[in-house]
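Asks: Sequence first, then the predicted structure:
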Amino acid sequence: MKKLTFTLVLCFMVGISFGQKKAVNDAKSEIKRDNPNMDDARAFIEKALLDTETKDNAETWYVAGSVENKQFDMESLKTYKGETPNEAVMYPALLKIVPYFVTADSLDQLPNEKGKVKPKYRKDMKAIITANINYYPNAGVYFYNKEDFKNAFQAFKQYIDIPDMPMFQDDKTPIVNKADESYLQIKYNAAVIASVLKEHTTAIELLESMKNSGYEENDIFRRLAYEYNQLADSVALLATLKEGVTKFPGDEYFLLSLVEKNIQSGQLQDAVTYINIAIEHKPDDPILYDALGVIYENMEEPEKSIQNYEKALALNPNFDKALKHNGMVYYNLGVKARGSADDSTDKKTVDEGYAKSIEYFKTALPLFEKAYSIEPTDKETIYCLRNIYYSLGKNEEFEKMDAIYSTNNQ
């Protein structure tokens, strides 16, 4: 009885193993039919992919990829018949082929019981991928237009990864020219979509590999700076900006971004250095002089600050930011002089302090008034004008500006 029970169990186990092997064969047979039932084919192979007896066989994964390729072919061939393919079926099937074939190829390269590697499926898989390669960019565009960014990324990423797959490494003629502009554009698209998906590390890996490719390098460096900023990697960000300044010396973006980061980190003298480099390339750019004025203001050197604001305004008299910034220097000097006078008990010091503050406010006034005429919604300008009118005893103007200030701060 014990022997009989053991035999029955053994037969049962063999039956399961045979059943899953049969499932692989059934899937193969189904996709060879003229009108295959793809749901049945998938059901067969999915069982085999999960079964312990068949999940580690190269054939199982090869057939799984072949099932998806059959689905893809059935739709893609419609275009040659003048029919419209169902892209919602075609492109998802396309994306499943390579992952299955990657696993199949890795298992296909394992040595047999004699220690020899005799791959059975690589040639067929290479032929299928080669036939499909140009559809991947189209799939990426399709998914992108559907705002399915995850699959759009996968489509572009599979395309750019295919040339590096082991099965293509020994080919004399590469399946894709990785130096070709179209390949680089697709790689760039993958990086952009990775960023949309907030996969910033992945985006950086792709962009870093393109820095010296000759493709849109200025934009590559800008995006790298953005990605490093998203990761709060200040070291890599500064290195990228400095490299951008060297590579694109006339580009304000890298210089001004570097200046901004130097200001934020308190490295003001370095900021001055980089602004002056920018001015050497663009001596007629008022934005640069305005930026230099801001730096000197942060360094508490008002005279140098004013000099640079005036240079900016000489180049563009209607530059509202430079007008406001220049006015702000005089306004702050006026506030400082008034504060010193208020803190003193010496009448002469008090009188001199008030007189200085009035002169500073009078100098700041036309600058703020012109800035206000150009940009009447700027809150800082409104606030300073209000206070200056009050300090100068311009009651009518004060009341008007005070009403505007109150409205804006409700």
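Replies: Done, it's in. Numbers count the residues shown, from 1 in each chain.

Asks: Break down the stretch 301-410 of the chain into its helices, ranges please.
Replies: Secondary structure of the stretch 301-410 of the chain (DSSP state H, counting those that start in this stretch): helices at 302-315, 320-343, 347-374, 379-391, 395-408.

Asks: would you list those in TSV and tack on distance to Val259?
Replies: C-beta here means a position set from N, CA and C on the backbone, and glycine is covered the same way. Below are the helices of the stretch 301-410 of the chain laid out as TSV (distance: least, CB to CB, whole Å):
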stretch	distance to Val259
helix 302-315	13
helix 320-343	15
helix 347-374	23
helix 379-391	21
helix 395-408	30
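
Asks: With respect to Glu87, which of those helices lies nearest?
Replies: Taking CB to CB, helix 320-343 is the member of the helices of the stretch 301-410 of the chain nearest to Glu87, at 49.7 Å.

Asks: export that closest one as PDB, just CAs?
Replies: Output of helix 320-343 as PDB, limited to C-alpha atoms (Å, rounded to 0.1, in the frame of the first residue of the first chain):
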ATOM      1  CA  ASP A 320      12.400  98.400 -14.000                       C
ATOM      2  CA  LYS A 321      14.400  96.100 -11.900                       C
ATOM      3  CA  ALA A 322      17.500  98.200 -12.000                       C
ATOM      4  CA  LEU A 323      15.400 101.300 -11.200                       C
ATOM      5  CA  LYS A 324      13.900  99.600  -8.200                       C
ATOM      6  CA  HIS A 325      17.200  98.100  -7.100                       C
ATOM      7  CA  ASN A 326      19.000 101.400  -7.400                       C
ATOM      8  CA  GLY A 327      16.200 103.200  -5.500                       C
ATOM      9  CA  MET A 328      16.400 100.500  -2.800                       C
ATOM     10  CA  VAL A 329      20.000 101.300  -2.100                       C
ATOM     11  CA  TYR A 330      19.200 105.000  -1.500                       C
ATOM     12  CA  TYR A 331      16.100 104.000   0.400                       C
ATOM     13  CA  ASN A 332      18.100 101.700   2.800                       C
ATOM     14  CA  LEU A 333      20.700 104.400   3.200                       C
ATOM     15  CA  GLY A 334      18.000 106.800   4.100                       C
ATOM     16  CA  VAL A 335      16.400 104.400   6.600                       C
ATOM     17  CA  LYS A 336      19.900 103.700   8.100                       C
ATOM     18  CA  ALA A 337      20.600 107.500   8.500                       C
ATOM     19  CA  ARG A 338      17.100 108.000  10.000                       C
ATOM     20  CA  GLY A 339      17.700 105.100  12.500                       C
ATOM     21  CA  SER A 340      21.100 106.500  13.500                       C
ATOM     22  CA  ALA A 341      19.500 109.900  14.100                       C
ATOM     23  CA  ASP A 342      16.700 108.400  16.200                       C
ATOM     24  CA  ASP A 343      19.300 106.600  18.300                       C
END
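
Asks: any low-confidence regions in the stretch 151-300 of the chain?
Replies: Nowhere does the stretch 151-300 of the chain drop to pLDDT under 70.

Asks: do that again at 80, thanks
Replies: 249-250 (pLDDT under 80).

Asks: Tell me which stretches of it form helices.
Replies: 181-196, 200-208, 217-230, 234-247, 252-264, 268-281, 286-298.

Asks: Would you format those helices as a markdown table with distance to Tyr354 included?
Replies: Formatted as a markdown table, the helices of the stretch 151-300 of the chain follow (distance: least, CB to CB, whole Å):
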| stretch | distance to Tyr354 |
| --- | --- |
| helix 181-196 | 56 |
| helix 200-208 | 55 |
| helix 217-230 | 46 |
| helix 234-247 | 45 |
| helix 252-264 | 34 |
| helix 268-281 | 32 |
| helix 286-298 | 24 |
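
Asks: what's the most buried one of the ones you listed?
Replies: Sort the helices of the stretch 151-300 of the chain by mean neighbour count, taking mean count of other CB atoms under 10 Å, and helix 286-298 sits at the top with a mean of 23.

Asks: Check what contacts that helix and list those residues.
Replies: Residues outside helix 286-298 that contact it (CB atoms under 8 Å, 6 or more residues apart in numbering): 252, 256, 259, 263, 268, 271-272, 275-276, 278-279, 282, 302, 304-309, 311-313, 315-316, 319, 321-322, 325-326, 328-329.

Asks: starting at the chain centroid, how far to stretch 249-261?
Replies: 19 Å (CA atoms, centre = their mean, to the nearest Å).
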